[in-house]
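# starting from these lines, generate the structure:
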Amino acid sequence: MRRSVTRNATVLAIITAMLAACSNGGGTSSGAIASGGTATFAENQSSGTVNYIFPMDALQYCQPSNAQFVYLQYRPLYSFGEGSQLVLNKSRSLAEPPIFSAGNTKVTIHLKGWRWSDGTPITSRDLTFWINLVKGTPNNWCQYIPGQFPDNISSIVSESDQQVTLTLDKAYSATWFTDTQLSQIIPIPQHAWDKTSANGSIGDYDQSNSGAQAVYAFLNGQAQDLKSYATNPLWQVVDGPWHLGAFRPEGYAELLPNSRYSGSPKPRLAKFVMEPFTSDTAEANVLQSKGLTYGYVPFEDLSQTRSFQARGYDLVPWPLLSISYVLLNYHNPIIGPIFSQTYVRQAMQSLIDEPAWIKAFLGTAGLVTNGPTPLTPPGVYAPPSEATPRFPYNPDQAITMLKDHGWNVQPDGTTSCAQPGDGNGQCGAGVPSGAKLEFTLQYVNGSTGLSQMMQALKSSFSKAGIKVDLTQGTGNQVVASASVCQPSEPACSWQAVQWGVPAWIVSNPYPSGESVFGTGGGANSGSYSDPINDRNLHAIEQSDDPGNWTRYVDYLATQVPDLWIPNTVNQVSAISKKLHGAVPQSALAQLTPEEWYFTQ
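All right, here's what the predicted structure looks like:
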């Protein structure tokens, strides 16, 4: 089922060729290995800043920097990504590969016998502890999708302290279930966290729904207190290669080696630092002063590559399994009924000139988004049909589509509904007479390329009389504002957001979009819902038939649930020539500084 995609691989090749002459990519070295040292990593603006530590993140904390931060300290049951390959990483996983039986309705999991940093063994109880908290408070987990994990688990039996058997509610594709369901489980220390207050005793509270809710409320409350992260004993019990040594609320983190890490390799660095920045310009200034070990070159500064290389950096593109889009709020009481009209979304898509924007604003770092599945890196699931945009740039077509559905189009003005109703030639259900095609779009500040794209969108949309009011906010602010909501709620005032490019970084190697595009998906902030799309997703979950994947992608690419815009490589990393082991970079945005080392 896995398909090789070559379109836009040429873009990555161009970037790589442009940089390769002066770059060894932070790979292995024959120089003498220096023990210890501190590696300082720049948190990318588009990834947000670290602000959550509990490994069960709600939607407002569901962003790459938090995922990277948690991954350093708490390892998932199954970890994926080996170099640039999207495969199961057996050495980083807490369990042996799962065993499916009974027609793929049972899954047996054997833990490896690793230990927590306080010396306590990691057991099946730690696995069931995390599952019970999710079951008790599913809507507090951004990956939750009704009907999927943990709803699709009929029973959990701990056969021993190192073995668990899951009975599923029906048969599933073993690939899909392993890659998208089991990969989300992050065992957490039941012996240290299963309590409802700071001074309370450890119990088995999680084994009832009310108890699980109380435990979650306590742990989530502790995770809100950013100032105490480095001193709170809860967060010092880890199973990953790093533990927290210092933290500041703006997102600055110092991580130290976990001397009891059971996995391999053990950290060779003495310290790993995650450094936040208020803008790409601020980060570039520190990079130019040689103040970072592992930073990034802002896309608008790629013409200055030789300057960064002269300061001792290798420049290495970092592509991710990702797509980009403008997120639409279907539940906003004003614009939501208009966004719900498929032809409106298709008309707006026809006003987005991806190739021109890439050439003007992103250069060789730009990649097109044509649908719900990443086109790069090669070897993922996009069918050949996704290489072609369904609605290429065509302002005349956009205007015609709106006029044909009863809109009074006013180029450079404000288009309004002249023919309300849900019949032929009318605006559509829920759109009142005189309704204006006008909405507010909030996007992340600090990135020149993204700001230029949003200004270009505003200008292009005006050609069809679609008025876009632009506002900006920090990454954390934009993510938090785009909450799942009901039309009557004050929180539903947001209309459209762009919370970073890439907009969706797939956290596992199987990029089915249930959490983002499925009805009720935990990361489906805009509340998009389409029964045909849901049926297509269900077909993917139950069978590895390649035709199921093609039907899903082709349908959703045409429906335009959100507005496809240019994607980029995550960043062009600037890695100190003295640092090795950092390349290849993870297509799933993971950080593994335990594999890094300096040379003399």
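
# hang on, isn't residue 447 packed against residue 45?
Yes - using Cβ atoms under 8 Å, residue 447 makes contact with residue 45 at a distance of 5.6 Å. Bear in mind the C-beta positions are built from the backbone N, C-alpha and C, glycine included.

# joint contacts of these two?
Common contacts of residue 447 and residue 45 (Cβ atoms under 8 Å, 6 or more residues apart in numbering): residue 280.

# centroid residue for the chain?
residue 505 (3.4 Å; Cα atoms, centre = their mean).

# that one reaches residue 590, doesn't it?
No - using Cβ under 8 Å, residue 505 makes no contact with residue 590, being 10.4 Å away.

# you'd agree residue 128 is in a helix?
Yes - the assignment for residue 128 is a helix, going by DSSP: H, G, I helix; E, B strand; the rest coil.

# look up the closest residue to it, ignoring the ones flanking it.
Nearest residue to residue 128, sequence neighbours excluded (Cβ to Cβ, 6 or more residues apart in numbering): residue 156, at 5.8 Å.

# what segments of the stretch 51-200 of the chain are helices?
Assigned by DSSP state H, counting those that start in this stretch, the stretch 51-200 of the chain shows helices spanning 64-73, 124-136, 174-176, 190-193.

# then the stretch 201-350 of the chain?
Going by DSSP H, counting those that start in this stretch, the stretch 201-350 of the chain shows helices at 209-224, 280-288, 305-310, 336-339, 342-349.

# so where's the chain shaky on pLDDT?
Within the chain, the stretches with pLDDT under 70 are 1-30, 84, 377-380.

# walk me through the domains of it.
Per automatic domain parsing, the structural domains of the chain span 75-224, 322-568.

# with distance to residue 303 added, can I get those domains in TSV?
Putting those into TSV (distance: least, Cβ to Cβ, whole Å) gives the following:
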stretch	distance to residue 303
domain 75-224	26
domain 322-568	8
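
# so which of the ones you listed gets nearest residue 576?
domain 75-224 (19.9 Å; Cβ to Cβ).

# and the closest one, how far out from the chain's middle?
20 Å (Cα atoms, centre = their mean, to the nearest Å).

# and that domain, how far apart are its ends?
21 Å (Cα to Cα, to the nearest Å).

# ditto for stretch 464-482
The straight-line separation of the ends of stretch 464-482 (Cα to Cα) is 26 Å.

# go on, stretch 166-182?
Termini of stretch 166-182 sit 10 Å apart (Cα to Cα).

# stretch 421-434 now?
For stretch 421-434, the end-to-end distance is 12 Å (Cα to Cα).

# buried set for it?
Across stretch 421-434, burial judged by 16 or more other Cβ atoms under 10 Å covers 426-428, 431.

# now stretch 201-209
Buried, per 16+ other Cβ under 10 Å, within stretch 201-209: 205-206.

# what do you get for stretch 157-167?
For stretch 157-167, a neighbour-count test (16+ other Cβ under 10 Å) marks 162-166 as buried.

# and the strands in the stretch 51-200 of the chain?
Here the stretch 51-200 of the chain has its strands, by DSSP state E, counting those that start in this stretch, at 80-82, 85-88, 99-101, 106-110, 153-160, 163-168.

# could the ones you listed be laid out in JSON lines, adding distance to residue 260?
Compiled in JSON lines, the strands of the stretch 51-200 of the chain are given as follows (distance: least, Cβ to Cβ, whole Å):
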{"stretch": "strand 80-82", "distance to residue 260": "24"}
{"stretch": "strand 85-88", "distance to residue 260": "24"}
{"stretch": "strand 99-101", "distance to residue 260": "28"}
{"stretch": "strand 106-110", "distance to residue 260": "21"}
{"stretch": "strand 153-160", "distance to residue 260": "22"}
{"stretch": "strand 163-168", "distance to residue 260": "23"}
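
# relative to residue 550, which of the ones you listed is closest?
strand 85-88 (19.4 Å).

# direction included, what does that closest one pair up with?
Paired strands of strand 85-88, with direction, are strand 80-82 (antiparallel) (DSSP bridges).

# give me the residues contacting the strand it pairs with.
Strand 80-82 is contacted from outside by 86-89, 179, 183, 508-509, 586-588, 590, using Cβ under 8 Å, 6+ apart.

# need the contact list for the residue nearest to residue 386 when sequence neighbours are not counted.
Leaving aside its sequence neighbours, residue 386 sits nearest to residue 371 (Cβ to Cβ, 6+ apart; 4.7 Å). Residues near residue 371 by Cβ under 8 Å, 6+ apart: 323, 382, 386, 390, 553-554, 556-557, 564.
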